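Novice: Attaching a predicted model along with its sequence, questions to come.
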Amino acid sequence: MEPKSPWEIRILFTLFLGGLLFSPTMTWAATTPTMIIEEARFAIEQARRAGADKVALDDLTAARSWLSQAEKEYEAKKGILSRLTSSDAKDQEILYLGAMAKAKAMTAEAKAKKSTTLAALKEDRRELADYQNAIDALKKKMVEVDKARQVQAKAEEERKVLEEVKRKAAELEEQKKRELLEAQKRVADLEVLKQKEIQASRLEEATRLSQKERDLAEAKIKAEQMAAQQAREAADLKAREVKLAAEQEKLSALQKKAEALEKEKTMLAEAGRIPQATVKAGEEELIITVLAINLFTPAMEISDSGKKILDQTGSFLKKNPDHKAVVRGHTDSTGSESTNRTVSEKRANKVREYLVAYQNVNPSMVSAQGLGPSQPAASNATEAGRALNRRVEIAVQTGE
């Protein structure tokens, strides 16, 4: 089976450069058929977990086919007839088949991760559209507030007109009082000579005065009604202003949430570039997971591949210096609880010490924690599951 896509060609080229295909004088000598088969199985499981069975089934099927051939050759090697053939040649064949299975699985995993990232980007765009709709709705409400202010201005103008009416009514009342005094004086002067005329004049004046009082009473009632209407409108305006303030506060919270989501998305994309690491967003934290086999030597020292991984991890942490990180060491359930606890603490401390010493990560922003087998990522009933449980997690805080 020959690789067909440019991505597969790049992976095989990398394997050749790393000495993983037919190079016994280089790092291939450190790889055994058992190891390459386990690495291929792990790579296939990682691809399946990433969703390759849905978006990259052909690559995943090809990887399983290569692995099946490697396993068959490995079983054949252990048989009696294998003693008649060259053991080195059989090992090279198994290593080649295992490497091809691993390469195909890595290709399937990369395609699955790409599909997942595109889906997340689509969801973020939908949320941004919802946010824009919320802003448009708020703009409409701002227009309503402007209209309310215009109503208030009109009410203020009507209040001024009412005050002018009251002033004129007071002047008219004062004038009527003067006229009444003058009429009384005229009545006193002409009382004897013009008693009848005076009585008629008084009657007419009393009638006119009564009408004026009724007019004044009606004007007073109208003024009170208008004042009550203005009070109600003022209360309604105040309620709308309170509602607008609450909506503005809600908008501010939405803006902050959008900024936090954008920051977390950027960090997730940057962390996804770290080699041989899986990244996921947890609750207020971003978790970078690296298997222990990719980080440490059998003597529990940082391996060359582990240094490359931690160099890029350190660059990521320095790029986000305001976010604290916790290095968590994990083990499988093999062995005693106390031994596993010690091993997990040592793994976490080794990673933290490397990040601080060789990547200049602020020591106050990164801590270490050993959790032993208390938080398994997979079942400890199988070797593949135990391999997944032997890991180190760098949890970067994203919440406030």
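Specialist: Yep, that arrived. The structure presented is a predicted model; accordingly, all values stated were derived computationally and were not measured. Residues are numbered from 1 along each chain as shown.
Novice: Let me see the mean pLDDT of the strand or helix carrying Asp59.
Specialist: According to DSSP states H and E, Asp59 maps onto helix 57-77. The pLDDT scores in helix 57-77 average 92.
Novice: Ok, stretch 180-192 next?
Specialist: In this model, stretch 180-192 has a mean pLDDT of 80.
Novice: send the alpha carbons of stretch 337-353 over as CSV?
Specialist: This file holds the C-alpha atoms of stretch 337-353, laid out as CSV (Å, rounded to 0.1, in the frame of the first residue of the first chain):
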residue,chain,number,x,y,z
GLU,A,337,-0.8,3.5,46.0
SER,A,338,2.2,5.1,47.7
THR,A,339,4.6,4.1,45.0
ASN,A,340,2.3,5.4,42.3
ARG,A,341,1.8,8.7,44.2
THR,A,342,5.6,9.2,44.4
VAL,A,343,6.1,8.4,40.7
SER,A,344,3.4,10.8,39.7
GLU,A,345,4.9,13.6,41.9
LYS,A,346,8.3,13.0,40.4
ARG,A,347,6.9,13.2,36.8
ALA,A,348,5.1,16.5,37.6
ASN,A,349,8.1,18.0,39.3
LYS,A,350,10.5,17.0,36.4
VAL,A,351,8.3,18.7,33.9
ARG,A,352,7.9,21.9,36.1
GLU,A,353,11.7,22.0,36.7
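Novice: Tell me where the model's unsure across this structure.
Specialist: 1-29, 80-86, 400 (pLDDT under 70).
Novice: Could you measure from Thr382 over to Pro376?
Specialist: 12 Å (Cβ to Cβ, to the nearest Å). In this view, the C-beta of every residue, glycine as well, is placed from N, C-alpha and C.
Novice: Which one's more surrounded, these two?
Specialist: The residue with more neighbours, out of Thr382 and Pro376, is Pro376; 16 against 11, by other Cβ atoms under 10 Å.
Novice: wait, is the more buried one part of a strand?
Specialist: No: going by DSSP: H, G, I helix; E, B strand; the rest coil, the assignment for Pro376 is coil, not a strand.
Novice: Enumerate every residue touching it.
Specialist: Residues in contact with Pro376, defined by Cβ atoms under 8 Å, 6 or more residues apart in numbering, are 330, 332-333, 385, 389.
Novice: name the helices or strands packed onto the helix holding Asp59?
Specialist: helix 33-49, helix 52-55, helix 87-189 (3 or more Cβ pairs under 8 Å, 6 or more residues apart in numbering; DSSP states H and E).
Novice: How far off centre is whichever strand or helix holds Ala235?
Specialist: For Ala235, the element it lies in under DSSP H and E is helix 195-271. Centroid displacement of helix 195-271 relative to its chain, using Cα atoms, centre = their mean, to the nearest Å, is 42 Å.
Novice: helices or strands next to that helix in the packing?
Specialist: Helices and strands touching helix 195-271, by 3+ Cβ pairs under 8 Å, 6+ apart, are helix 87-189, strand 278-282, strand 285-291, helix 304-319.
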